[in-house]
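K.L.:
Okay, predicted coordinates and the sequence, questions at the end:
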Amino acid sequence: MPDMNVLVLSAGRQVMLVEAFRTAQRVRDHAGQTLAADIDPFAPALAASDLGLLTPRTEANGFVSWLEEVSIRHAPLLILTLYERDLCVLEPMRPKLNDLGARLVGMPTDSLKICMDKQKLSEMCAEIHVSAPATWPGDSLASIP
């Protein structure tokens with residue numbers, strides 16, 4: 001079985017999550033590392049991981065090549081981000097990441113677009129009878145009850 005490496009992007013202060021992955025690897029006797037990546041060299045999760053990595057901003061030109069290089073070098077089986085806007089860049093990379101053996105925790109781009117738009121998300125929730133906070137378009141502030 002290959003090493004069970006996990007890459008947590010935009011790890012920031014999520015020390016407990018990084019430690020949970022590390023603990024799970026030890027408890028299940030899996031070889032592997034928990035890698036944490038962030039743009040902030042002082043992000044606490046970097047120190048809590050097996051390997052802390054500095055990443056370019058997701059929207060920067062070098063991010064895609066950086067992630068491909070990290071995926072080749074460290075062979076993560078699982079990639080997840082703790083900043084949902086990263087998924088706008090990561091989801092189009094999914095086929096390439098799959099080819100490199102990594103599985104991205106995310107969602108289809110169409111679903112992502114709905115989730116990123118409060119009004120669309122509210123409308124979708126109403127359609128499927130899920131309670132959601134009321135929302136109003138910014139141009140209709142006068143109609144807010």
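P.N.:
It's in. Predicted, not measured: the structure shown is a model, and the values here were computed from it.
K.L.:
Give me the distance between the residue nearest in space to the middle of the chain and A37.
P.N.:
What sits nearest the mean C-alpha location of the chain, by C-alpha atoms, centre = their mean, is T81, with 1.5 Å. Per C-beta to C-beta, to the nearest Å, T81 is found 9 Å from A37. (Glycine included, C-beta is placed from N, CA and C.)
K.L.:
likewise C125?
P.N.:
32 Å.
K.L.:
returning to what we had before: now the residue nearest to the centre of the chain. Nearest residue, chain neighbours left out?
P.N.:
L9 (4.0 Å; C-beta to C-beta, 6 or more residues apart in numbering).
K.L.:
Verify the contact between the one you found and L53 for me.
P.N.:
No - taking contacts as C-beta atoms under 8 Å, L9 lies outside contact range of L53: 9.1 Å.
K.L.:
Comparing the two, which residue is more hemmed in?
P.N.:
L9 (25 against 18; other C-beta atoms under 10 Å).
K.L.:
Distance check, that one against A102.
P.N.:
Distance from L9 to A102, by C-beta to C-beta: 12 Å.
K.L.:
Mutual contacts of the two, please.
P.N.:
Residues touching both L9 and A102 (C-beta atoms under 8 Å, 6 or more residues apart in numbering) are I79.
K.L.:
and the residue nearest to the centre of the chain, what is it in contact with?
P.N.:
8-10, 87, 90, 105-106.
K.L.:
if we can go back for a sec, any common contacting residues for L9 and L53?
P.N.:
37-38.
K.L.:
where along this protein do the strands fall?
P.N.:
6-9, 34-38, 51-54, 78-81, 103-104 (DSSP state E).
K.L.:
Turn those into JSON lines, including distance to M16.
P.N.:
Formatted as JSON lines, the strands of the chain follow (distance: least, C-beta to C-beta, whole Å):
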{"stretch": "strand 6-9", "distance to M16": "12"}
{"stretch": "strand 34-38", "distance to M16": "12"}
{"stretch": "strand 51-54", "distance to M16": "16"}
{"stretch": "strand 78-81", "distance to M16": "15"}
{"stretch": "strand 103-104", "distance to M16": "22"}
